[in-house]
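Peer 1: task: produce atomic coordinates for the following.
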Amino acid sequence: MGMEQTPVVLTRWVTFTVADEVYALNVLDVQEVLRAAEITPIPGAHPAIRGIINLRGNVVTILDARVFFSLPEKPFDDDSRIMVVELRTGEVAGIVVDSVAEVITLDEDDVNDAKRTSNDEGSEHILGVVPQSSDKGNDKLIILVDLKGLSDLSTK
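Peer 2: Here you go, the predicted structure:
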């Protein structure tokens, strides 16, 4: 009997940038990416909440990734995108990011290793960090994010 090879399970992630860091969300959680939208502010909302938009008749709460990750705010520009994600509650939220880069494929084992080694750096929304080697030969770190639990924000 030879060694059983466990099949490689690949997961797909959408990478995006916030303040020169590269983050990634599981493709299955991302419903769509919007270029821009008319955001209506909500008085008295959590600081990370930019406001709400009307997305084909549905009201969607929009969060600012920079505020969320405690980074300096930046005005919307041509590269800014709103990533529309589904939360654990089934509701949909949008998150404003500096730019959306590409869809990458990660080995599920690497993702699970990243989850195991990540110590809580003050954010329960960070699953872990995966090194991603680029063609230029320099490794960059991709921060895997789980925004499914974001609904906690909108209820505070």
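Peer 1: quick test: name the residue nearest the centre of this protein.
Peer 2: residue 25 (4.2 Å; Cα atoms, centre = their mean).
Peer 1: how close does that one sit to residue 112?
Peer 2: 17 Å (Cβ to Cβ, to the nearest Å). All C-beta atoms are positioned from the backbone trio N, CA, C, and that covers glycine.
Peer 1: longest helix anywhere in the protein?
Peer 2: helix 108-117 (DSSP state H).
Peer 1: report the distance from it to the chain centre.
Peer 2: Put simply, helix 108-117 sits 17 Å off its chain's centre (Cα atoms, centre = their mean, to the nearest Å).
Peer 1: all further residue positions should be reported with the first residue as 13.
Peer 2: I'll keep to 13 as the first residue from here, and by that count the last item is helix 120-129.
Peer 1: and the helices in this structure?
Peer 2: Using DSSP H, the helices of the chain run over residues 77-80, 120-129, 163-167.
Peer 1: select from the ones you listed the stretch with the lowest mean pLDDT.
Peer 2: Note on the helices of the chain: helix 163-167 shows the lowest mean pLDDT, a mean of 55.
Peer 1: ok, and the helix or strand in the chain with the lowest average confidence?
Peer 2: One helix or strand of the chain scores below all others by mean pLDDT, DSSP states H and E: helix 163-167, with a mean of 55.
Peer 1: coming back round to it: mind listing what's buried along the longest helix of the chain?
Peer 2: By neighbour count on 16 or more other Cβ atoms under 10 Å, the buried set for helix 120-129 is 122-123, 126.
Peer 1: pLDDT below threshold where in the chain?
Peer 2: 13-16, 129-135, 146-150, 161-168 (pLDDT under 70).
Peer 1: show me where it has its strands.
Peer 2: 22-30, 33-38, 42-46, 61-67, 70-76, 93-98, 104-109, 111-119, 138-145, 151-157 (DSSP state E).
Peer 1: wait, which of the ones you listed is closest to residue 55?
Peer 2: Smallest distance to residue 55 across these (Cβ to Cβ): 9.8 Å, for strand 61-67.
Peer 1: need the residues that contact the longest helix of the chain.
Peer 2: 20-23, 139-142, 156 (Cβ atoms under 8 Å, 6 or more residues apart in numbering).
Peer 1: apply 7 Å and report the result again.
Peer 2: With Cβ atoms under 7 Å, 6 or more residues apart in numbering as the test, helix 120-129 has contacts from 21-23, 139-142, 156.
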